[in-house]
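> this one's structure only:
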DNA sequence: GTCTGTGAACGAATTCACAGCT
DNA sequence: AGCTGTGAATTCGTTCACAGAC
């Protein structure tokens, strides 16, 4: 099998990668970052399985969609694996992010250290409330929502985060897409519609609690 | 087939319900609430499929794990379905919630209207920072983290939300479990360990962006 | 005719188990 | 001996398609 670095994308495009695999890739990356921070030089699939709670065979299978990164008899070089995973996930470049909605949740996201720590930089925020427009929060200016396309024509951010009330979510989506955004993280508890090619992930915080409630009542 | 209301739990316990089904149940509930608010009296599985983006057969199969709630030839009574789904999810009773971590994210969750709107009430918050302890945020007192068990011996909340930094997450989990919490929503980007019987859901906000990044770079 | 509820068929994802490399 | 990478086997979840209810 070809193990040269640039066979990576080919492998990814030939076989279809299950979405659960992509989500786990992020977990592996988190784990491997921690190991490197702890000074662990090398890890076997079994060690990573213990740390993440994900089956070792699953880990190896997940990686196999993208290439061969381990050494039989030895395991994986932690720094090397981190670099590969980052590259696979498209995290070797900085990502600029637009935030729409500067209420409680939006403000919290603006100062959430985990985003810049992992390469996601909120470069502009937007709101419809006149009293919020013009404020600077955590070094980020809040613009009026109507200026979204104009502001992003200079910034060219590809990722949008929606932290607006339910009723405003769909119009916000449309404005983000019109401004050139390709990927959207939606915190509004509503199904949003986008044209094919635009990637959306929904995070309904209350829904998370509802799922917990189910398992509570089921004992 | 038995369609009496109290056959519900039996059905749920006899056949194992897939976790994706539980997550979709929450989406159906959201949809049905909206329809009732819009004054829609009745809905077919096809209409619900259109609103949620979930396949109609999937919807019917999901419901079938819990009973028969529709009328052939007619569809589902919206109010009735909402009541059934609420009951299935354990949402017919109020849920008291403990929040640990009153930083940016924690504060935002304290004033997030979606929680009380859907029956989840944060009844106490906890932090380790002395300057935050004693403050009242959105009607909720912030206690010192060391008082968690003491405070909850009076409140008896079953659900905990973790909004503390990564390094403090595991000790926070242990304190919540020691205080009698049975279900945990964890926002810290780290794998936490709990004894069997405790339900955990992890929401890593940055991981959501990482997944988007993957699909961006894969075109 | 319309729409539900569900067994059967299908497809997807996980886990096993082992050949092959170090 | 230890561990990876991966076909094969298995498990799990989704979708089909239709019998039966209204």
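Looks like it came in fine. Everything numeric here is computed off the predicted structure, so don't read it as measured data.
> Where do the domain boundaries of chain A fall?
Chain A resolves into domains spanning A:5-88, A:95-208 when parsed by automatic domain parsing.
> Verify the contact between residue A:29 and residue A:85 for me.
Yes: proximity of residue A:29 to residue A:85 meets the contact threshold set by CB atoms under 8 Å, at 4.4 Å. Glycine gets a C-beta too; all of them are placed from N, C-alpha and C.
> one step back: of the domains of chain A, which approaches residue B:173 most closely?
Judged by CB to CB, the one of those that comes nearest to residue B:173 is domain A:5-88, at 13.6 Å.
> Now find how far off-centre that closest one is within its chain.
Domain A:5-88 has its average C-alpha position 17 Å from the chain's average C-alpha position, going by CA atoms, centre = their mean, to the nearest Å.
> do the same with stretch A:136-147
On the basis of CA atoms, centre = their mean, stretch A:136-147 is displaced by 22 Å from the centre of the chain it belongs to.
> buried stuff in that stretch?
A:137, A:140, A:142-145 (16 or more other CB atoms under 10 Å in any protein chain shown).
> again with stretch A:197-208
When neighbours are counted by 16+ other CB under 10 Å, the buried residues of stretch A:197-208 are found to be A:198-208.
> Select the longest helix from chain A.
In chain A, with assignment by DSSP state H, the single longest helix is helix A:19-37.
> Who are the packing partners of that one?
On a contact count with 3 or more CB pairs under 8 Å, 6 or more residues apart in numbering or on different chains; DSSP states H and E, helix A:19-37 meets helix A:45-52, helix A:56-64, helix A:78-88, helix B:205-217.
> can you state the direction angle for the longest strand along chain A and helix B:205-217?
Longest among the strand segments of chain A by residue count, using DSSP state E, is strand A:120-127. For strand A:120-127 against helix B:205-217, the angle by axes from the mean of the first three to the mean of the last three CA atoms, to 10 degrees is 100 degrees.
> Mind giving me the packing neighbours of strand A:120-127?
Counting by 3+ CB pairs under 8 Å, 6+ apart, the elements that strand A:120-127 packs against turn out to be strand A:95-100, helix A:104-110, strand A:140-144, helix A:148-155.
> Of these, flag the one that's most buried.
Most buried of the helices and strands packed on strand A:120-127, by mean neighbour count (mean count of other CB atoms under 10 Å in any protein chain shown): strand A:95-100, with a mean of 24.
> Enumerate every residue touching residue A:157.
Residue A:157 sits next to A:96-98, A:123-124, A:180-181 when contact means CB atoms under 8 Å, 6 or more residues apart in numbering or on different chains.
> Could you find the closest non-adjacent residue to it?
Closest residue to residue A:157 in three dimensions, ignoring its sequence neighbours and counting by CB to CB, 6 or more residues apart in numbering or on different chains: residue A:96, at 3.9 Å.
> how close does that neighbour get to DNA strand C?
Taking CB to the nearest atom of the strand, to the nearest Å as the measure, residue A:96 falls 30 Å from DNA strand C.
> For that residue, name its beta-bridge partners.
Beta-bridge pairing of residue A:96 under DSSP bridges involves residue A:121.
> returning to that earlier point: residue A:171 is nearest to which of the helices and strands packed on strand A:120-127?
Each of those was scored for nearness to residue A:171 using CB to CB, and the closest is strand A:95-100 (10.0 Å).
> ok and that closest one relative to helix A:148-155, angle-wise?
Using the same axes, to 10 degrees, strand A:95-100 lies at 160 degrees relative to helix A:148-155.
> Strand A:95-100: how far from the chain's middle?
Using CA atoms, centre = their mean, the offset of strand A:95-100 from its chain centre is 12 Å.
> Run through who's touching the helix or strand hosting residue A:160.
Residue A:160 belongs to strand A:159-162 when elements are defined using DSSP states H and E. Residues outside strand A:159-162 that contact it (CB under 8 Å, 6+ apart) are A:95-101, A:106, A:109, A:120, A:122, A:169, A:172-173, A:176, A:179, A:181-188, A:192, B:209, B:212-213, B:216.
> can you list the residues of chain A near DNA strand D?
For chain A, the residues in contact with DNA strand D (CB under 7 Å from any atom of the strand) are A:1, A:43-46, A:56-57, A:60-61, A:63-64, A:68-76.
> rerun at 6 Å
Residues of chain A lying close to DNA strand D (CB under 6 Å from any atom of the strand) are A:1, A:44-46, A:57, A:60-61, A:63-64, A:68-76.
> Let's test this: name the helix or strand in chain A with the lowest mean pLDDT.
Ranked by mean pLDDT, DSSP states H and E, the weakest helix or strand in chain A is helix A:8-14, scoring a mean of 43.
> Let me know the pLDDT of the residue located most distally from the centre of chain A.
Summary for chain A: using CA atoms, centre = their mean, the residue whose C-alpha lies farthest from the chain's mean C-alpha position is residue A:73, with a distance of 33.1 Å. According to the predicted model, the pLDDT of residue A:73 comes to 96.
> Helix, strand or coil: sort out it for me.
For residue A:73, the secondary-structure state derived from DSSP: H, G, I helix; E, B strand; the rest coil is coil.
> Identify whichever of the domains of chain A lies nearest to residue B:18.
Nearest to residue B:18, of all these, is domain A:5-88, at 13.4 Å by CB to CB.
> With adjacent residues omitted, what lies nearest to residue A:213?
The shortest distance from residue A:213 to any residue other than its chain neighbours is 4.3 Å, reached at residue B:90 (CB to CB, 6+ apart).
> For that neighbour, the count of nearby residues, please.
17 (other CB atoms under 10 Å in any protein chain shown).
> same question, residue A:173
The local packing of residue A:173 (other CB under 10 Å) involves 24 other residues.
> just checking, it touches residue A:191?
No: contact status for residue A:173 versus residue A:191: not in contact, 10.7 Å apart, counting by CB under 8 Å.
> Any residue of stretch A:30-46 touching DNA strand C?
No: in this structure, stretch A:30-46 remains apart from DNA strand C according to CB under 6 Å from any atom of the strand; the gap is never smaller than 9.4 Å.
> buried residues in that stretch?
Residues of stretch A:30-46 classed as buried by neighbour count (16+ other CB under 10 Å): A:30-35, A:42-45.
> My guess is residue A:52 contacts residue A:27. True?
Yes: the pair formed by residue A:52 and residue A:27 meets the contact definition of CB under 8 Å, at 5.3 Å.
> out of these two, which sits in the more crowded spot?
residue A:27 (22 against 18).
> Next up, the contacts around the more buried one.
A:52, A:54, B:191, B:207.
> Tell me, how many residues neighbour the third one?
Read that as residue B:191. Other residues near residue B:191 number 19, with proximity taken as other CB under 10 Å.
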